[in-house]
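# I need the structure of the sequence given here:
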Amino acid sequence: MLRRSVSSVVLTTMLSLIVAVGSRAEQTPANPALPPLAIPPDNPQSEAKIALGAQLYFDPRLSVDNSISCATCHAPETAWANHDKVDTGVGGRMGTRNSGTVVDAAYMTFQFWDGRAHTLEEQALGPIHNPVEMGETLEHAVRKLNAIAGYKAQFHHVFGTAVTADGIAKAIAAFERTVLSGPSPYDRFVAGDRAAMSESAMRGLELFGGQAGCSACHAPPMFSDQSFHNIGVGMARSTPDIGRESVTNDPADRGKFKTPALRNVALTWPYLHDGSAATLDDVVELYDSGGVPNPTLDRRITPLGLTVPQQKDLVAFLRSLTGTLPRIERPVLPK
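Take a look at the predicted model:
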């Protein structure tokens, strides 16, 4: 019998979130302030699939030298992200972009900073065959897992097949759809608990939707407009990261990057696509200055004229978006 890889308490909690609604499948969020999460019809949730996805998420054998797993750059202990400016992959290879958090990623329309993946399933396979990240080929990863009796048996149970790249993607995505945050002080405040937020955070909320204009791109409930914008970060370099343009091939998208969700943002430093802002204070100062001038700078990025106390209030509000995070026992990997 295969050993259970995730605690029964964790799995019971995961499965209690899954409900069927007509012909659609939806997942009730951990936070009642968020809408139900849509589940792809071709990848329904199940206890066995989630457990398999958890194993794969933490298994470094998906990398070419068996040293890097998804959890290496997206660790539960660091808010399902990490605190490095950019990621380090196999052989010490350095990436060029900051690691985003997996928490609530299932709500995002686009995955990766440049939006090259539209689903968690697409996203799950990208790092495996990225030469800078995990450096493996999908074909060899599949062969390695098929040689592991525990994986082969689980794939037959979950998908009715041997290990496949499609199955790897679906299992990891199913697991990631359970990585959802709970209510934050902001959510409790909106629900009527007027003591949930500090006076400073309440002033910051007013600035966020008013003078600072943050809500134009960071709209609730995820505090992201699910789009792409150029604020000039990194554009002055001799070889700038062109961002969204690398996906669309449209020069108008040069230097544009996905608007990140701001829930739990206080836990996922450093910030911006290149990790160049060490703190939330640095981010607010950048926006207050009007960004970094460049030919495709978003027209909405203009100097704000905030006082230092106002900047501190904005940061206090951003900190109020921190909710409870999912906790999981690291799984026992199959042999």
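# what residue spans form the domains of this structure?
Split into domains by automatic domain parsing, the chain comes to 8-176, 198-319.
# list the residues that contact the nearest residue to Ser67 once chain neighbours are set aside.
Distances taken as C-beta to C-beta, 6 or more residues apart in numbering put Pro60 closest to Ser67, at 5.5 Å, once the chain neighbours are dropped. Heads up, the C-betas are built off the backbone N, CA and C, glycines and all. Pro60 sits next to 66-69, 72 when contact means C-beta atoms under 8 Å, 6 or more residues apart in numbering.
# next step: these restricted to helices.
Thr72 (DSSP state H).
# so which of the contacts of Pro60 belong to strands?
Among the contacts of Pro60, none falls in strands (DSSP state E).
# show me where the chain has its strands.
Counting by DSSP E, the strands of the chain are 18-21, 24-27, 37-39, 228-229, 257-258.
# looking at those strands, which has the lowest confidence?
Looking over the strands of the chain, mean pLDDT reaches its minimum on strand 18-21, with a mean of 40.
# low pLDDT regions in this protein?
1-24 (pLDDT under 70).
# picking up where we left off before, out of the domains of the chain, nearest to Pro185?
The closest of the domains of the chain to Pro185 is domain 198-319. By C-beta to C-beta, the value is 7.2 Å.
# in the stretch 101-250 of the chain, which spans are helices?
Under the criterion DSSP state H, counting those that start in this stretch, the stretch 101-250 of the chain contains helices at 120-125, 138-146, 149-159, 165-176, 185-190, 199-209, 245-248.
# can you pull the buried residues of the second one?
Going by neighbour count (16 or more other C-beta atoms under 10 Å), the buried part of helix 138-146 is 138, 141-142, 144-145.
# contacts only, for the closest residue to Leu207 other than its chain neighbours.
With sequence-adjacent residues excluded and distances taken as C-beta to C-beta, 6+ apart, Leu207 is closest to Leu314, at 5.4 Å. Listed by C-beta under 8 Å, 6+ apart, the contact partners of Leu314 are 204, 207-208, 212, 214, 284, 306.
# the same query, at a cut-off of 10 Å, please.
Each residue near Leu314 by C-beta atoms under 10 Å, 6 or more residues apart in numbering is listed here: 200-201, 203-208, 211-212, 214, 280-281, 283-284, 287-288, 304, 306.
# just the buried residues out of those, in ChimeraX syntax.
Applying 16+ other C-beta under 10 Å to the contacts of Leu314 leaves a buried subset, and the ChimeraX line that selects it is:
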select :200,201,203,204,205,207,208,212,214,280,283,284,287,288,304,306
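# can you put the buried residues of helix 138-146 in a markdown table and add distance to Ile39?
A markdown table is the format used below for the buried residues of helix 138-146 (distance: C-beta to C-beta, whole Å):
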| residue | distance to Ile39 |
| --- | --- |
| Leu138 | 24 |
| Ala141 | 25 |
| Val142 | 25 |
| Lys144 | 29 |
| Leu145 | 24 |
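# got phi/psi on Ser198?
phi -70, psi 160 (degrees, to the nearest 10).
# surely it touches Gly204?
Yes - if you go by C-beta atoms under 10 Å, Ser198 and Gly204 touch, sitting 8.9 Å apart.
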